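> Fold the following, please.
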Amino acid sequence: MLSLVTFLVSDYDEGLRFFVDGLGWTCLSDEDQGRKRWVTVAPTGGGTGLVLALPMTERQSAALGRQTGDRVGFFLESRDFVADAGRIIAAGGTFLEAPRREPYGKAAQWRDPWGNLWDLIQRP
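Next comes the predicted model:
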C-alpha cells in the first residue's frame with residue numbers, strides 16, 4: 001500500500017490551510033524537526049496522504065507547482081462533486097474546465113494554489 005507521497009509547498013502553514021482548513025483533510029502529523037517540519041495530511045475517510053515539504057534546493061524550487069511535469073498528477077475522488085468543487089475554489093484552487101462526463105464518471109481538471117494539476121472525479 002502506498003501511504004504517503006511528497007508534495008512540495010512554498011510554506012507549511014499555507015499547505016495546511018489549503019488541505020486541512022480548505023479541503024477538510026486530516027492533519028496526520030505536524031512535528032518540528034529543527035531545520036524542517038514533518039507535516040502529513042490525508043483525505044478524510046482514507047486514501048494516500050501527502051508529506052508537505054519545502055523545496056531545499058534550486059532544482060526542487062524549480063519543480064514547485066510542476067511536480068509531475070505539468071501533467072495531471074493527483075486524482076481526488078468525490079462523493080459530492082459540486083460541494084467538493086466549491087471547497088477547492090474557496091481554498092484557492094482554479095478549475096480549468098467545466099465538469100465533463102467520462103466512462104469512469106464526472107471529472108474536471110483544476111490547479112492547486114502552487115500550480116499542480118489535479119482531476120476531481122465522481123464515480124457513477
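> what residues does stretch 2-22 touch?
The set of residues that contact stretch 2-22 without belonging to it, under CB atoms under 8 Å, 6 or more residues apart in numbering, is 25-27, 30, 37, 39-41, 48-55, 60, 63-65, 67, 87-88, 90-93, 112-114, 116. C-beta coordinates here come from the backbone N, C-alpha and C atoms, glycine included.
> Averaged pLDDT, it. What do you get?
Mean pLDDT, stretch 2-22: 97.
> how distant is that stretch from the center of its chain?
Averaging C-alpha positions (CA atoms, centre = their mean, to the nearest Å) puts stretch 2-22 7 Å from its chain's average.
> same thing with stretch 116-124?
The chain centre lies 11 Å from the centre of stretch 116-124; the measure is CA atoms, centre = their mean.
> and that stretch, which residues are buried?
116-122 (16 or more other CB atoms under 10 Å).
> from the contacts of stretch 2-22, which ones fall inside helices?
60, 63, 87-88, 90-91 (DSSP state H).
> Kindly supply the PyMOL command isolating those of these that are buried.
Typed into PyMOL, the line below selects the buried ones among the ones in helices among the contacts of stretch 2-22, using 16+ other CB under 10 Å:
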select buried, resi 88+91
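> could the ones in helices among the contacts of stretch 2-22 go into a markdown table alongside pLDDT and distance to residue 102?
Supplementary listing: the ones in helices among the contacts of stretch 2-22 in a markdown table, determined by pLDDT from 0 to 100; distance: CB to CB, whole Å:
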| residue | pLDDT | distance to residue 102 |
| --- | --- | --- |
| 60 | 96 | 33 |
| 63 | 96 | 28 |
| 87 | 98 | 21 |
| 88 | 98 | 18 |
| 90 | 98 | 25 |
| 91 | 98 | 24 |
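> Output the ones in helices among the contacts of stretch 2-22 as CSV; include the columns distance to residue 108.
As requested, those are arranged in CSV below (distance: CB to CB, whole Å):
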residue, distance to residue 108
60, 29
63, 24
87, 13
88, 9
90, 16
91, 15
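> quick one: the residue lying closest to residue 8 once chain neighbours are set aside and residue 19, what's the gap?
Ranked by CB to CB, 6 or more residues apart in numbering and with sequence neighbours excluded, the top spatial neighbour of residue 8 is residue 64, at 4.9 Å. Computed as CB to CB, to the nearest Å, the residue 64 to residue 19 distance reads 16 Å.
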